[in-house]
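Undergrad: just need the structure, nothing else, for what follows:
(2 chains)
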Amino acid sequence: MDKVELHDTLTREKRELTPSDGKQFRFYVCGPTVYGPAHIGNFRTFVLFDVFYRVLVAAGLQPRFARNITDVDDKTIKASQEQGLTLRAFTDRYTEKFHADCDTLGLLRPDAEPRATDHIQEQIDLIAVLMEKGHAYQGADGSVYYRVASFPEYGKLSHFDPAALQTQATNSAEALNLADEYDRDAVADFALWKAHKPADGENAWDSPWGRGRPGWHIECSAMSMKVLGQTFDLHGGGEDLCFPHHENEIAQSEGATGKPFALHWMHAVHLLVEGKKMSKSLGNFFTLDDLLEKGFAPDAIRYLLVSGHYRQQLNFTLKGVEGAASGLKKLRKLAAHLRVPEDADRTAPPPGSPTGAFASAWAVLRDDLNTPAAIGELFKTGSALLSESPREEDRMGLHKLLFALGIPPVGPENTTAETDAPEAIRALADRRWQAKKDRDFTAADALRAELTAAGWQVLDAKDGYTLEPLAR
RNA sequence: GGCGCGGUAGCCAAGUGGUAAGGCCGGGGACUGCAAAUCCUCUAUUCGGCGGUUCGAUUCCGCCCCGCGCCUCCA
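TA: All right, here's what the predicted structure looks like:
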């Protein structure tokens, strides 16, 4: 078992990861809310946790990985109604889309993928325990709320002072004005069970507190504990989830069980697109399909997402994806030279296998998941190996790294789309080929210029040529 | 205001108290009639600014400037 260290949001220290049950390393990642196709920012998070999972596998920590699907909330309900679909039919559609996108980006499937609406009873049971223990109460509106004041450790993850949170909230003019209308005892209290509203339509379930639906945070507490146990090794998600979502999960779970919930917390920092926070109005809001339509290869997109450290903002740019494709090509040459198996990105070499010249890359990857440093090491050691005859230990080492990063050692055979050139272009190209065969290079060059002007590039081979549309 | 992160070559991005990884782009060269591809090679006396600690700081401390995140349901 190789040592893996990771920064912990809770303690703000780097800590070694070990399975607390001595067998499997159990971890949970907050998955997508399936109300539409996920965007590239979502995928940064999911790709990073995929790499994390892979590193654990390759290190021999035998991970058990759970990632949920959130299929009930304001957005899913609203969008399903707008499309005239049941919540289930609607969320099924985008769950499938999410799976397809994950496959495209080479993500390994989690060991468990619980859905919120499949675990309503577990959530109700958990809320009932919180009611019994005095951590929850039913408000005047019929909704059930968590009493934050009942959990003294509230704020320990995000390092917020609960008192300050209260003060702050009540200090805002809006909160003051509305204070009397609150159904909660304190503004920091959050909903565990939401009483049915007309806007929810059919999307309601029976509970001891009347019809309604679960609050957002409770699903992750209920499902993670069901799938992984009351105490498990690590919980992760995007940085935005640290507060309040994860803080609330801790309050709910530890309030109910009296035991530690997740032992280690990991948060992935959001990316920037073209230097700005993604937003539809800025036109830098990309789904995976948007990028594929622009002609970018999925593995280049993945490579770029992995080329930044997970605790560092990453600036995702279109130019960057192009550059990523160039870098990938080099790595693949190295993989071919070392005869790494073609499925190296999908099949892990045995844990403990030799890493040879790639030991340093493997080491930095296990040191707080330093993917950019690992890629750097890959190139550094790799270029030296290119001129030597391949060694088995290096082959194993590169295999391990490519698996951990999820980089396929072989690219798609036809990276450039098979675009058929129009007849007129073909004719021009044929004339140029003839001119070239006649060694009339002046005419050949003139024809090449014409083709270039028309947006086509001629690539010569020994006994023929191919036409490619010029890049964007 | 509270908590936190960052400012390293044209771009992306590691890193260390001991004198700046790597990738992309670009330049030069080889090869090719040209182009593409490929190969070789070059590109930060310097790490936002100013002080301090130190034999020595990009790395530690202080202040300042700039950018960013979270502060109630956005990965």
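
Undergrad: for A:Asp92, helix, strand, or coil?
TA: When classified by DSSP: H, G, I helix; E, B strand; the rest coil, A:Asp92 comes out as helix.

Undergrad: also A:Tyr28?
TA: strand.

Undergrad: and the closest residue in space to it that isn't next to it in sequence, what does it touch?
TA: Distance criterion CB to CB, 6 or more residues apart in numbering; nearest residue to A:Tyr28, sequence neighbours excluded, is A:Ser224 at 4.2 Å. Where C-beta positions appear, they are placed from N, C-alpha and C, glycine not excepted. Taking CB atoms under 8 Å, 6 or more residues apart in numbering, we find A:Ser224 in contact with A:28, A:66, A:68, A:232, A:235, A:249, A:253, A:262.

Undergrad: quick check: the fifth one is in a helix.
TA: No. Counting by three-state DSSP, A:His235 is not part of a helix but strand.

Undergrad: and the residue in the stretch 201-350 of chain A positioned nearest to RNA strand B, how far from A:Tyr310?
TA: Closest to RNA strand B within the stretch 201-350 of chain A is A:Gly238: 1.8 Å, counting by CB to the nearest atom of the strand. From A:Gly238 across to A:Tyr310, the span is 10 Å (CB to CB, to the nearest Å).

Undergrad: A:His196 - how many residues pack around it?
TA: 18 (other CB atoms under 10 Å).

Undergrad: I misspoke; the intended subject was A:Gly22.
TA: Counted with other CB under 10 Å, A:Gly22 comes out at 6.

Undergrad: which parts of whichever strand or helix holds A:Ala429 are buried?
TA: Using DSSP states H and E, the element containing A:Ala429 is helix A:423-437. Within helix A:423-437, the residues that count as buried by 16 or more other CB atoms under 10 Å are A:425, A:428-429, A:431-433, A:435-436.

Undergrad: does it reach RNA strand B?
TA: Yes. Helix A:423-437 lies within reach of RNA strand B by CB under 7 Å from any atom of the strand, at A:Lys436.

Undergrad: show the average pLDDT along stretch A:146-162.
TA: Mean per-residue pLDDT for stretch A:146-162: 90.

Undergrad: A:Asp463 and RNA strand B, how far apart?
TA: Note on A:Asp463: its distance to RNA strand B, by CB to the nearest atom of the strand, to the nearest Å, is 13 Å.

Undergrad: continuing past the lowest-mean-pLDDT helix or strand in chain A, what's the next helix or strand?
TA: Every helix and strand in chain A was compared by mean pLDDT, DSSP states H and E; the lowest is helix A:173-178, with a mean of 41. Heading C-terminal from helix A:173-178, the first helix or strand you meet, by DSSP H and E, is strand A:190-195.

Undergrad: and the one helix or strand A:Asp103 maps to, is it in reach of RNA strand B?
TA: In this structure, A:Asp103 sits in helix A:87-104 according to DSSP H and E. No. Using CB under 7 Å from any atom of the strand, helix A:87-104 never reaches RNA strand B; the gap is at least 10.6 Å.

Undergrad: quick check, the residue in the stretch 1-150 of chain A closest to RNA strand B?
TA: Counting by CB to the nearest atom of the strand, the stretch 1-150 of chain A gets nearest RNA strand B through A:Gly41, at 2.7 Å.

Undergrad: quick one: mean pLDDT over stretch A:65-84.
TA: Mean predicted lDDT for stretch A:65-84 stands at 95.

Undergrad: ok, how many other residues are close to the residue in the stretch 251-400 of chain A that RNA strand B sits nearest to?
TA: Going by CB to the nearest atom of the strand, RNA strand B is nearest to A:Gly376 of the stretch 251-400 of chain A, at 2.0 Å. Here the number of neighbours of A:Gly376 (other CB under 10 Å) works out to 15.

Undergrad: which SSE is immediately downstream of whichever strand or helix holds it?
TA: Element membership for A:Gly376 (DSSP H and E) is helix A:371-385. Using DSSP H and E, the next helix or strand after helix A:371-385 towards the C-terminus is helix A:392-405.

Undergrad: and that following helix, what does it pack against?
TA: In terms of contacts (3 or more CB pairs under 8 Å, 6 or more residues apart in numbering; DSSP states H and E), helix A:392-405 is packed against helix A:40-59, helix A:318-337, helix A:359-365, helix A:371-385.

Undergrad: got the angle for that helix vs helix A:40-59?
TA: Calculated by axes from the mean of the first three to the mean of the last three CA atoms, to 10 degrees, helix A:392-405 forms an angle of 140 degrees with helix A:40-59.

Undergrad: tell me the contacts of A:His119?
TA: A:219, A:222-223, A:226.

Undergrad: show me which of those residues neighbour RNA strand B.
TA: Counting by CB under 7 Å from any atom of the strand, no member of the contacts of A:His119 is near RNA strand B.

Undergrad: pick the one among the residues you listed closest to A:Ile124.
TA: Ranked by distance to A:Ile124 (CB to CB), those are led by A:Ala222 at 8.7 Å.

Undergrad: report the rounded mean pLDDT for the one helix or strand that closest one maps to.
TA: Secondary-structure element containing A:Ala222, defined by DSSP H and E: helix A:216-228. The pLDDT scores in helix A:216-228 average 96.

Undergrad: likewise for stretch A:332-344?
TA: 93.

Undergrad: hmm, it touching RNA strand B?
TA: Yes. Counting by CB under 7 Å from any atom of the strand, RNA strand B is contacted by stretch A:332-344 at A:Lys333.

Undergrad: what comes up buried for that stretch?
TA: Buried residues in stretch A:332-344 (16+ other CB under 10 Å): A:332, A:334-335, A:337-338, A:340-341, A:344.

Undergrad: quick check, A:Val72 in a strand?
TA: No. The assignment for A:Val72, made by three-state DSSP, is coil rather than a strand.

Undergrad: tell me, how many residues neighbour it?
TA: A:Val72: 25 neighbours (other CB under 10 Å).

Undergrad: how much space between A:Arg64 and A:Ser389?
TA: A:Arg64 sits at a distance of 40 Å from A:Ser389 (criterion: CB to CB).

Undergrad: so for these two, which residue has more residues nearby?
TA: A:Arg64 (23 against 6).

Undergrad: ok but the more buried one is inside a strand, no?
TA: Yes. Membership of A:Arg64 in a strand is supported by three-state DSSP.

Undergrad: which residues touch stretch A:10-20?
TA: Under CB under 8 Å, 6+ apart, the answer for stretch A:10-20 is A:3-8, A:25-26, A:56, A:61-62, A:156-157, A:159, A:231-234, A:263-265, A:368.

Undergrad: dump the C-alpha coordinates for that stretch into CSV.
TA: The C-alpha trace of stretch A:10-20 is given here as CSV (Å, rounded to 0.1, in the frame of the first residue of the first chain):
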residue,chain,number,x,y,z
LEU,A,10,-11.5,20.2,8.6
THR,A,11,-8.0,20.4,10.2
ARG,A,12,-6.4,22.5,7.5
GLU,A,13,-3.5,20.1,7.5
LYS,A,14,-2.1,17.5,5.2
ARG,A,15,-3.0,14.1,6.5
GLU,A,16,-2.2,10.5,5.4
LEU,A,17,-5.2,8.6,4.2
THR,A,18,-5.9,5.2,5.8
PRO,A,19,-9.0,3.1,5.8
SER,A,20,-10.5,3.5,9.3
